[in-house]
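Trainee: Could you work out the structure for the sequence below:
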Amino acid sequence: MKRSLLMNLTRATACAAVLLLIVSCCRTRTPNAGDGDYPSWMPAVGDPAIPARTVCVTDFGGVGDGLTLNTEAFRLAIAALSEQGGGRVTVPAGVWYTGPVVLTDNIELHLERNALLLFSDDKSLYPLVETTFEGLETWRCQSPISATGARNVAITGEGVIDGNGDAWRAVKSDKLTAREWAAKVKSGGVLSDDGRTWYPSESYKFGATSGADQNVSTWAETREDFERMRDFLRPVMVAIHHCENVLLEGVTFQNSPCWNLHPAMCTNLIVRDITVRCPDYAQNGDGIDIESCRNVVLTGSRFDVGDDGICIKSGKDQAGRDRGIPCENIYVNNCVVFHGHGGFVVGSEMSGGVRNVLVSDCLFSGTDVGLRFKSTRGRGGVVENIRIENITMNNIMQEPLLFDLFYGGKSASEAYADGTSAAASTDLPALPVDETTPAFRDIHIRDVRCRGARRAMFFNGLPEMNVERVTVENTSIRAQTGARINESADVVLRNVEIVPEEGPALLLNNVKNLTVESFSCPEELPCALSVTGSRNRAIAVRTSEITTSRSRFADGAERSVTIE
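Mentor: Sure thing, here's the model as predicted:
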């Protein structure tokens with residue numbers, strides 16, 4: 001079994017090496033304030049100060065043969081450096097089979113070329129620990145790599161870190177081929193009652209079916225309760241929590257049991273030139289989830305995962321509002337997302353707020369959604385001051401631009417398949433606004449190109465809290481259907497081209513103070529503009545491409561539209 005595992009890992013490592021070679025042109029240095037488009041509100045973020053002191057894991061009994069368990073060797077190496085004030089633990093070429101690795105102050109874990117850090121599939125090595133996950137304080141199995149409350153922490157090099165995630169994850173039959181599904185069932189584990197989901201164990205099945213909000217139990221209170229569903233509590237592969245001055249550079253992270261990288265409540269985080277990979281069937285296989293962090297620079301990195309690629313979070317519902325730590329001062333530049341539910345994502349756990357974000361010069365290809373902002377009633381929190389520019393997209397399964405305040409816990413493709421991705425009614429009732437009402441506002445998008453999408457855009461605000469103050473300019477999108485802007489206010493579309501296979505190109509529902517300038521769409525579309533809803537106000541269309549004869553109005557909506 002281990003020989004087969006090693007053969008599979010060798011192939012995976014070779015593929016990762018080819019990917020790194022192909023995208024090596026993406027490698028960048030960390031910018032400083034004042035460089036190019038580096039935002040003025042973003043402080044300079046420097047690398048952590050790691051002492052110039054080095055030990056090798058082999059100095060402490062480590063053996064890179066893929067068979068020897070090296071947990072103690074890593075612990076001793078880190079402890080020895082910590083006693084001297086910190087330094088670098090080097091991992092040479094080889095397969096380093098190990099249990100959890102815990103990083104402390106002033107420690108750099110450095111993987112040399114052809115080093116593979118492989119985490120054991122023995123779940124008993126990962127005890128339950130108190131942690132934060134999906135925006136809530138809860139119990140999960142210990143992460144393969146973790147640091148808590150540390151200063152100056154780094155994971156660097158040219159090697160691969162593999163979380164052995166297939167040993168942990170459930171999978172649905174429709175995510176695999178018939179041959180893959182037969183092999184999965186034959187490998188052991190248990191099936192769901194309807195036979196459509198494979199679970200690694202009875203413990204996992206119990207956790208998944210006994211009551212959970214997404215992946216967090218809704219009923220368990222004591223440690224003993226959580227122990228009953230231990231296998232269900234999959235660990236995040238790299239959990240860096242409450243740390244200051246953190247660097248992730250050069251390494252390939254792959255095959256996590258759950259989220260790949262989870263920096264939470266950190267200050268001064270640099271993520272540079274990394275690759276993150278998971279199978280496309282990896283449930284909750286997010287690339288990086290940056291939660292309630294401050295001063296973050298993410299550059300020159302690549303993501304090919306089973307869920308959201310680059311995700312910004314800040315806690316969930318009341319717990320997130322009580323924590324009250326926003327995710328702020330975030331700079332994302334020159335990154336590629338090849339696969340996943342979203343390329344760049346905010347939410348849905350954003351109850352502590354998200355502000356001051358610049359995303360630039362990125363490419364998304366094959367994701368469900370390109371730019372995905374998601375929340376729902378009950379979250380609270382404000383997402384504001386977001387700049388997005390120079391984004392290239394191709395083969396987007398759903399929308400290149402999505403702002404959804406009716407998020408229901410499913411991917412955009414799943415929501416489309418079950419019919420929940422479109423507004424259920426033109427005039428949904430408004431609810432009272434309070435601290436649980438989420439808000440998206442002050443979002444500016446320019447220089448976006450997308451070829452291949454189902455719907456050009458979807459803005460889906462709440463009747464009581466519209467998506468507000470959004471500008472989209474210098475943007476060209478080719479899609480099956482046009483852009484739908486629903487329950488939104490103070491929107492500007494300037495120099496926007498939408499080329500749908502079927503019209504209308506622009507669908508508006510209960511929109512207030514919207515301006516359309518220099519808008520273009522195919523001349524052969526019989527209907528370029530459709531307006532529905534009873535709450536429209538002050539819609540100004542200033543483009544020759546949209547005329548009254550090419551517009552369709554419902555319920556007297558034409559009274560709110562001026563076409564010049």
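Trainee: Run through the stretch 151-300 of the chain and note the low-pLDDT ranges.
Mentor: Counting by pLDDT under 70, the stretch 151-300 of the chain contains no low-confidence residues.
Trainee: quick one: the helices in it?
Mentor: Secondary structure of the stretch 151-300 of the chain, counting by DSSP state H, counting those that start in this stretch: helices at 178-186, 202-209, 223-227.
Trainee: what does the chain give?
Mentor: In chain order, the chain shows helices spanning 2-22, 71-83, 178-186, 202-209, 223-227, 317-323, 412-417, with DSSP state H as the criterion.
Trainee: Val354 contacts Val345, doesn't it?
Mentor: No: the criterion here is CB atoms under 8 Å, and Val354 misses it with Val345 at 10.7 Å. Every residue, glycine included, has its C-beta placed from N, CA and C.
Trainee: overlap in contacts of these two?
Mentor: Ile312 (CB atoms under 8 Å, 6 or more residues apart in numbering).
Trainee: distance between the longest strand along the chain and the chain's centre?
Mentor: Residue-count comparison of every strand in the chain, with assignments taken from DSSP state E, identifies strand 481-500 as the longest. Mean C-alpha position of strand 481-500 versus that of the full chain (CA atoms, centre = their mean, to the nearest Å) differs by 24 Å.
Trainee: Now do the same for it: mean pLDDT, whole number.
Mentor: In this model, strand 481-500 has an average pLDDT of 98.
Trainee: and that strand, what does it pack onto?
Mentor: Contacts defined by 3 or more CB pairs under 8 Å, 6 or more residues apart in numbering; DSSP states H and E place strand 481-500 against strand 455-460, strand 467-479, strand 506-517.
Trainee: List the strands paired with the shortest one, with their directions.
Mentor: Strand 455-460 has its sheet partners listed here by DSSP bridges as strand 401-404 (parallel), strand 481-500 (parallel).
Trainee: Check the second one too.
Mentor: According to DSSP bridges, strand 467-479 has the following sheet partners: strand 439-451 (parallel), strand 481-500 (parallel).
Trainee: List the buried residues of that strand.
Mentor: Taking 16 or more other CB atoms under 10 Å as the basis for neighbour counts, the residues of strand 467-479 that come out buried are 467-479.
Trainee: what does the last one give?
Mentor: By 16+ other CB under 10 Å, the buried positions in strand 506-517 come out as 506-516.
Trainee: Report all helices and strands that it contacts.
Mentor: Counting by 3+ CB pairs under 8 Å, 6+ apart, the packing neighbours recorded for strand 506-517 are strand 481-500, strand 529-532, strand 537-542.
Trainee: Looking at the last one now, give me its mean pLDDT.
Mentor: To tie it back to what came earlier, the one meant is strand 537-542. Along strand 537-542, the predicted local confidence has a mean pLDDT of 96.
Trainee: Which neighbouring elements make contact with it?
Mentor: Taking 3+ CB pairs under 8 Å, 6+ apart as the contact cut, strand 537-542 packs with strand 506-517, strand 561-563.
Trainee: quick one: it to chain centroid distance?
Mentor: 35 Å.
Trainee: now swap in stretch 397-409 and tell me
Mentor: Mean-position distance between stretch 397-409 and its chain equals 13 Å (CA atoms, centre = their mean).
Trainee: Buried residues of it, list them for me.
Mentor: Of the residues in stretch 397-409, 397-407 count as buried by neighbour count, 16+ other CB under 10 Å.
Trainee: Straight-line length of it, end to end?
Mentor: From the first residue to the last, stretch 397-409 extends over 18 Å; the measure is CA to CA, to the nearest Å.
Trainee: Rounded mean pLDDT for that stretch, please.
Mentor: For stretch 397-409, the mean confidence score works out to 96.
Trainee: List the contacts of Gly347.
Mentor: Taking CB under 8 Å, 6+ apart as the contact definition, Gly347 lies against 312-313, 354, 372-375, 379, 383, 407.
Trainee: likewise Tyr204?
Mentor: For Tyr204, the contacting residues are 170, 229, 231-232, taking CB under 8 Å, 6+ apart as the criterion.
Trainee: Can you pick out the most distant pair from the residues you listed?
Mentor: Taking CB to CB as the measure, the contacts of Tyr204 reach their widest spread between Ala170 and Met229, a distance of 12.4 Å.
Trainee: Thank you, goodbye.
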